[in-house]
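Colleague: no sequence on hand, only this structure:
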């Protein structure tokens, strides 16, 4: 009996859907927060949605009606950014959650905000194949390929056939369109829409053949074709980016890199893909590749601050690796090989990432501290910290001054640095938050300055400002 | 006619005074040891393990934890491992291996507020199905956890948005007679008793007994729901017959007034599911036996099945202290042996006699 106790196989964890649903909700929230540079109708999404567990309202939900409404498209192109996830543990709830977006998109449509609607509720789970493809304004070819996918997932899904029929009709492929509608009738004998469409197609086909056009396929001019292809490629890129993001959040960094690479192949102009791939490389500690990707991203978009931040991280990490390899003993010479020289100029271009970058660098790479602080000209402090000075950054800088400058540099430089620090906004707040060991450091700095031959009065004035 | 001496007697075997507030005491299954959970006056939690040895409770181990511990259960662990799952004042759920109690085997921030009550099912070789733990908290939610899944509960029963949150004071598992079925019964401070079905993830039954519910317990966790006892403030407890659910009237019940004060706990004897003990706010214990009616189920005027409640008889009562007895646990190994702890900072090992002939 003991063996049976030990080898007892337990049933699976109950209610996996709850966890998948929660993760999806969290993922959606995170995407909105990180806001990958895509300003989308995220706000519209927060509007009224049917909760995915609210089965009664879903029973009353009429997909057909919503689709009809969506067919009234208007003029400002925007893409709705849905995330495609490859989690196999997906289920009706997830598809329902995606369907909620239909509602939102619908409303946005009515307000004339969306024109091209790319709607992707993908469920790999064949049980719930509500993969509804809506007609894109001019992209009937795209719609057709999407319907092919839907049919591949579930061959009995008559709506997919209906949509494909409509798409083909629009593309003037009458024979295949007829076939599709006949398929629909086979699956759903009472479908009046299919019957009407068949009648229509037969009429138009008769007219077209009478006009004796030898061409069967419409002469799509090369421009339009190119546009369609471009659209497809951009779709693909966004799709890959979302997949990559999903992998990244799960911690599967290699898979994320793969997805981003595929996306980059599809669309060279998308700045987010190289930036995200760089982040994934950083996590995998492949700093060289990360730096290259960041450079690429910066090249595509000079104002993208995250690319700068990540490149900085990569470079500093590279520098640290080099040091470790050479068994760094002497800090000075090795540090010249570290590259973040041009950092301060880039720093000024962004507001929020500035202090982050400084904290990050200062906090982790102590060896770089001295070098880095040296590089910042003392007058530049006010500009760099022009928003505010965090108390911990202030303390780090002070400690650097104390530990390195007192031994190596001129006291005048220290005085200048202290003075420019004092001129930063919200400096008094930072000073207030200094604890006693930090005040001790400050006292020692000032004692050192007093010993040197410098202007006494200015030193004492500065001391007062620092509250020492 | 039973003479006073042929009734079961409740005898205090060991009484131990402690220097901290003890909230819960549980027997370690298959052993003569019990665990006391509580908190020191400084606010840190404590787990103490005692062994009943030659008429004395000897302290074997004492572990201090950063947060005060409110409740614990061995219900969801295997007999070989015997890990205790505890809920603390900060809302954390931890599962400890008492051999190495420095680091929890499983830890999660279960609730935002104190975990008032915890229960476990599926362990100890009793019943089928996965081991699960349910916690009820002052933040009004009842969450079910599976130790195989990190960080997120398997089910979460919370009030709808916009509804007021009522503190959940007690939770209990029941109806776990096969792999899939489970029921969680939760009692709230406004007198609500809600029965959640975990297989359908729905609310199966709810009622209100007018006074805050201090403790609910099924007579057995691993069978088709048979009886449920719910105790409340103001000295009342209700015994529900759970075999027949009427669509509108719910379950049949019988209620008893006893103790003249809050009834803090009810515990069924593991060896006989019709005998249970209730502990009171005046430091007294009452031993009850439930008698089934001749017919447990009858047809009402509309021809729908409705349950019939039986009757409850008092077998014995005893007053141990002046402070409430907050926890009671029957030993699963020796019939009649139980450990109880109260707010007079003492833990007692009691022996209840003659339960085999009652």
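Modeller: Received it, and whenever you're ready, just let me know what you need. Note that the structure is predicted; figures quoted are calculated from it, not measured.
Colleague: where in chain B is pLDDT low?
Modeller: Scanning chain B with the threshold set as pLDDT under 70 gives B:1-3.
Colleague: which parts of it sit against chain A?
Modeller: Proximity of chain B to chain A is assessed by C-beta under 8 Å from any C-beta of the partner chain, with B:78-80, B:125, B:129-132, B:144, B:146, B:148-149, B:152-156, B:179-180, B:182, B:198, B:201 identified as the residues in range. From N, CA and C alone the C-beta is placed, and that goes for glycine too.
Colleague: let's see 10 Å
Modeller: Where chain B comes near chain A, counting by C-beta under 10 Å from any C-beta of the partner chain, the residues are B:78-80, B:122, B:125, B:128-132, B:144-156, B:161, B:178-180, B:182, B:198-199, B:201.
Colleague: which of these count as buried?
Modeller: Among the residues of chain B next to chain A, those that count as buried by neighbour count (16 or more other C-beta atoms under 10 Å in any protein chain shown) are B:78, B:122, B:129-132, B:144-147, B:149, B:153-155, B:182, B:198.
Colleague: helices of the stretch 51-200 of chain B, start to end?
Modeller: If you assign secondary structure with DSSP state H, counting those that start in this stretch, the stretch 51-200 of chain B ends up with no helices.
Colleague: residue B:29 against residue B:334, yeah?
Modeller: No - Residue B:29 sits out of contact with residue B:334 when judged by C-beta atoms under 10 Å, with a separation of 11.7 Å.
Colleague: more neighbours, these two?
Modeller: With other C-beta atoms under 10 Å in any protein chain shown as the criterion, residue B:29 and residue B:334 differ in neighbour count, and residue B:29 comes out ahead with 19 against 14.
Colleague: now do the phi/psi pair for that one.
Modeller: In terms of degrees, to the nearest 10, the main-chain angles of residue B:29 are phi -60, psi 150.
Colleague: which residues touch it?
Modeller: By C-beta atoms under 10 Å, 6 or more residues apart in numbering or on different chains, the contact set of residue B:29 is B:74-75, B:77-79, B:82, B:123-126, B:331-333.
Colleague: and the nearest residue to residue A:452 once chain neighbours are set aside, how far from residue A:445?
Modeller: Counting by C-beta to C-beta, 6 or more residues apart in numbering or on different chains, residue A:452 lies nearest to residue A:411, which is 3.8 Å off, once chain neighbours are set aside. In this structure, residue A:411 and residue A:445 are 10 Å apart, going by C-beta to C-beta, to the nearest Å.
Colleague: mind checking which of the two has more residues around it?
Modeller: In this view residue A:411 and residue A:445 are compared by other C-beta under 10 Å, and residue A:445 has more residues nearby, 24 against 18.
Colleague: mind checking the SS state of the more buried one?
Modeller: Assigned by DSSP: H, G, I helix; E, B strand; the rest coil, the conformation of residue A:445 is helix.
Colleague: which residues touch it?
Modeller: Contact partners of residue A:445, counting by C-beta under 10 Å, 6+ apart, are A:398-399, A:401-402, A:405-406, A:411, A:414-415, A:417-418, A:463, A:466, A:468.
Colleague: let's go with 7 Å and repeat that
Modeller: A:398, A:401-402, A:414 (C-beta atoms under 7 Å, 6 or more residues apart in numbering or on different chains).
Colleague: check what pLDDT it gets.
Modeller: Confidence at residue A:445, expressed as pLDDT, is 81.
Colleague: give me the secondary structure label for residue 225.
Modeller: I went with chain A, as the question did not name one. From three-state DSSP, the assignment for residue A:225 is helix.
Colleague: quick check: can you list the domain ranges of chain A?
Modeller: Structural domains of chain A, as assigned by the TED database, span the residue ranges A:134-212, A:228-336, A:358-466.
Colleague: pLDDT at residue A:13, what is it?
Modeller: Model confidence at residue A:13, given as pLDDT, is 83.
Colleague: that one falls within a strand, correct?
Modeller: No - inclusion of residue A:13 in a strand is not indicated when three-state DSSP is applied; the result is coil.
Colleague: quickly check the buried ones among the residues of chain B next to chain A for the two that are furthest apart.
Modeller: Based on C-beta to C-beta, the longest span within these runs between B:78 and B:155 and measures 22.1 Å.
Colleague: how about low-confidence regions in chain A?
Modeller: Using pLDDT under 70, the flagged stretches of chain A are A:1-8, A:16-48, A:73-143, A:146-147, A:149-150, A:152-156, A:208-221, A:320-389, A:404-409.
Colleague: swap the cut-off to 50 and go again
Modeller: Scanning chain A for pLDDT under 50 picks out the ranges A:32-47, A:74-92, A:95, A:102, A:105-138, A:212-219, A:323-352, A:362-363.
Colleague: what's the neighbour count on the residue in the stretch 351-468 of chain A that chain B sits nearest to?
Modeller: The nearest approach of the stretch 351-468 of chain A to chain B comes at residue A:435, 23.9 Å away (C-beta to the nearest C-beta). Counted with other C-beta under 10 Å, the neighbours of residue A:435 add up to 9.
Colleague: so what's it up against?
Modeller: For residue A:435, no residue meets the contact criterion (C-beta under 7 Å, 6+ apart).
Colleague: residue A:14 too?
Modeller: Neighbouring residues of residue A:14 by C-beta under 7 Å, 6+ apart: B:130, B:146, B:154-155, B:198.
Colleague: which among the contacts of residue B:29 end up buried?
Modeller: Members of those that pass the buried threshold by neighbour count (16+ other C-beta under 10 Å) are listed as B:74-75, B:77-78, B:82, B:123-124, B:126, B:331-332.
Colleague: before we move on, the earlier item: which of the contacts of residue A:445 fall within strands?
Modeller: Applying DSSP state E to these, no entry is found in strands.
Colleague: hmm, back to that, any idea which of the domains of chain A is most buried?
Modeller: Ranked by mean neighbour count under mean count of other C-beta atoms under 10 Å in any protein chain shown, the domains of chain A are led by domain A:228-336, which reaches a mean of 19.
Colleague: of the residues of chain B next to chain A, which belong to strands?
Modeller: Using DSSP E to define strands, the subset of the residues of chain B next to chain A located there is B:132, B:144-145, B:155-156.
Colleague: in those, find the pair that's most separated.
Modeller: Going by C-beta to C-beta, the pair spanning these furthest: B:132 and B:156, at 13.0 Å.
Colleague: around residue B:19, how many other residues sit close by?
Modeller: The burial count for residue B:19: 8, using other C-beta under 10 Å.
Colleague: which strands or helices does the helix or strand harbouring residue B:26 pack on?
Modeller: Residue B:26 belongs to strand B:21-27 when elements are defined using DSSP states H and E. Under the contact definition 3 or more C-beta pairs under 7 Å, 6 or more residues apart in numbering or on different chains; DSSP states H and E, strand B:21-27 sits against strand B:33-39, strand B:69-73, strand B:325-330, strand B:337-342.
Colleague: Serialize the contacts of residue A:445 to TSV and add fields for distance to chain B.
Modeller: Formatted as TSV, the contacts of residue A:445 follow (distance: C-beta to the nearest C-beta, whole Å):
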residue	distance to chain B
A:398	34
A:401	38
A:402	35
A:414	43
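Colleague: kindly provide the distance from residue B:301 to chain A.
Modeller: As judged by C-beta to the nearest C-beta, to the nearest Å, residue B:301 and chain A stand 31 Å apart.
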